[in-house]
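Everything below, folded, please.
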Amino acid sequence: MKQVTTDRRLTLLDAPSNLGLRPPAPDTVPGVYKAPWALRDHGLLRRLGADDAGAAVPPRYVATWQPGDGVRNGQAIAAYTRRLAGRIAAIRESGGFPVVLGGDCSILLGPALALRRTGRYGLAYLDAHADFRHLGNSPHVGAAGGESVALVTGRGEPHLVDIDGLRPYVRDEDVLLIGVREDEVLADIEGSGLACVSGAEGALEAARGTLGHDGFWIHLDADVLDPEILSAVDSPAPGGMTPDELVGILRGLLAMPGAAGLQVTIFDPDLDPDGAQAALLADLLVAALT
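Model (predicted):
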């Protein structure tokens with residue numbers, strides 16, 4: 001695994017895509033696209049001492065979809081994946097450490113493609129959900145945000161999973177799911193060869209045993225936290241981590257050689273009218289990254 005310095009030059013990049021989610025209600029769009037602004041409004045750029053790489057602007061969200069149509073906004077997600085991959089690659093080539101503010105979980109395709117172009121990278125996936133829906137375990141696909149792990153491991157439509165002939169972007173054995181609270185999918189996950197730990201305990205030990213080779217990307221879905229603490233997400237699940245547990249895991253992952261970047265997803269400011277949860281999430285990111 002490649003060594004990285006702990007004195008990283010953090011670089012913020014907004015990825016305000018909601019293309020991978022269902023509409024929360026008729027005639028509305030998912031509010032996760034507002035998350036980068038909400039986090040920046042709490043001084044994230046200044047507090048991290050980060051460089052500002054601006055935003056990778058996504059295509060238009062189209063709500064129309066029905067079962068059998070394939071992945072919702074699939075062509076737009078494919079185009080955005082290329083765009084985001086290029087922006088992340090540019091940050092890394094200039095010596096920066098990308099901190100990507102999503103957005104929904106489908107933005108994972110961007111860094112996965114960027115890293116796959118340069119080597120074999122793993123994935124530390126902190127999320128209450130496995131996001132492993134694919135046609136092998138579901139009657140249809142639809143929202144890529146719930147399919148992101150399946151997609152980056154090569155399970156899905158070729159225009160999403162085989163860009164530049166690089167399928168899979170991440171090998172099954174290089175994935176570690178942390179914090180998954182969907183018991184009904186655990187057997188399918190484990191049968192596919194993906195490693196999984198349900199909580200904070202044992203997460204770093206599992207990471208050291210899984211995330212080898214050229215490095216790894218860190219995915220943080222805000223719903224990995226207990227919804228009693230942070231509930232402004234599209235699919236809250238009972239239980240979850242405390243802020244201290246989450247910061248401990250993130251700091252441990254970031255201290256490992258090979259950490260290549262981090263993304264945060266699914267926080268929805270529409271569900272946080274007073275901004276208190278955005279403030280909490282910003283605090284957690286600062287605590288983990290500095």
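
all contacts plus neighbour counts: C-alpha atoms, from now on.
OK.

so who does Ala288 touch?
Contact analysis of Ala288 by C-alpha atoms under 8 Å, 6 or more residues apart in numbering lists Val247, Gly248, Leu250, Arg251.

Quick check: phi and psi at Ile218.
With angles defined as degrees, to the nearest 10, Ile218 sits at phi -110, psi 120.

on that earlier part again, and the contacts of Ala288 as CSV, adding pLDDT?
Shown next, in CSV, are the contacts of Ala288 (pLDDT from 0 to 100):
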residue, pLDDT
Val247, 99
Gly248, 98
Leu250, 99
Arg251, 99
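
Most neighbours of all those residues, which one?
Leu250 (23 neighbours; other C-alpha atoms under 10 Å).

center of this protein - which residue?
The residue lying closest to the centre of the chain (C-alpha atoms, centre = their mean) is His219, at 3.7 Å.

The chain: strands as residue ranges?
9-15, 51-55, 96-102, 122-126, 175-178, 195-197, 216-221, 259-265 (DSSP state E).

dump the residue contacts of the residue nearest to Ser231 when sequence neighbours are not counted.
Sequence neighbours aside, Asp223 is the residue nearest to Ser231 in space, at 7.3 Å (criterion: C-alpha to C-alpha, 6 or more residues apart in numbering). The contact partners of Asp223, by C-alpha under 8 Å, 6+ apart, come to Asp127, Ala128, Leu230, Ser231, Val233, Ser235, Pro236, Ala237, Gly240, Ile266, Phe267.

Can you say which of these are buried?
Asp127, Ala128, Leu230, Ser231, Val233, Pro236, Ala237, Gly240, Ile266, Phe267 (16 or more other C-alpha atoms under 10 Å).

could the residues you listed be laid out in TSV, adding distance to Leu284 and pLDDT?
As requested, the buried ones among the contacts of Asp223 are exported to TSV (distance: C-alpha to C-alpha, whole Å; pLDDT from 0 to 100):
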residue	distance to Leu284	pLDDT
Asp127	15	98
Ala128	17	97
Leu230	11	99
Ser231	15	99
Val233	16	98
Pro236	18	96
Ala237	20	94
Gly240	15	97
Ile266	15	99
Phe267	13	99
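
which outside residues touch stretch 32-48?
Counting by C-alpha under 8 Å, 6+ apart, 10, 12, 14-18, 51-52, 101-104, 265-270, 275, 278-279, 281-282, 286, 289-290 sit against stretch 32-48.

Can I have the buried ones of the residues you listed as a ChimeraX selection?
Under the burial definition 16+ other C-alpha under 10 Å, those of those that qualify are selected in ChimeraX by:
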select :10,12,14,15,16,17,18,51,101,102,103,104,265,266,267,268,269,270,278,279,281,282,286,289
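
if I read this right, Leu220 contacts Asp127, doesn't it?
Yes - counting by C-alpha atoms under 8 Å, Leu220 touches Asp127, with 6.4 Å between them.

circling back: for the strands of the chain, which one ends up most surrounded?
Comparing the strands of the chain by mean neighbour count (mean count of other C-alpha atoms under 10 Å), strand 122-126 ranks first with a mean of 28.

Can you name the residues in contact with that strand?
170-171, 174-180, 207, 210-221, 224.

any idea of the mean pLDDT for that strand?
Mean pLDDT, computed over strand 122-126, is 99.

do stretch 84-95 as well
Rounded mean pLDDT across stretch 84-95 is 99.

Also stretch 178-198?
So the average pLDDT for stretch 178-198 ends up being 87.

Pull out the buried residues from it.
Ile178, Gly179, Val180, Arg181, Val185, Leu186, Ile189, Leu194, Ala195, Cys196, Val197, Ser198.

With distance to Arg155 as added columns, please give the residues you listed in JSON lines.
What follows is these, written out as JSON lines (distance: C-alpha to C-alpha, whole Å):
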{"residue": "Ile178", "distance to Arg155": "20"}
{"residue": "Gly179", "distance to Arg155": "22"}
{"residue": "Val180", "distance to Arg155": "19"}
{"residue": "Arg181", "distance to Arg155": "22"}
{"residue": "Val185", "distance to Arg155": "16"}
{"residue": "Leu186", "distance to Arg155": "17"}
{"residue": "Ile189", "distance to Arg155": "13"}
{"residue": "Leu194", "distance to Arg155": "13"}
{"residue": "Ala195", "distance to Arg155": "17"}
{"residue": "Cys196", "distance to Arg155": "18"}
{"residue": "Val197", "distance to Arg155": "22"}
{"residue": "Ser198", "distance to Arg155": "23"}
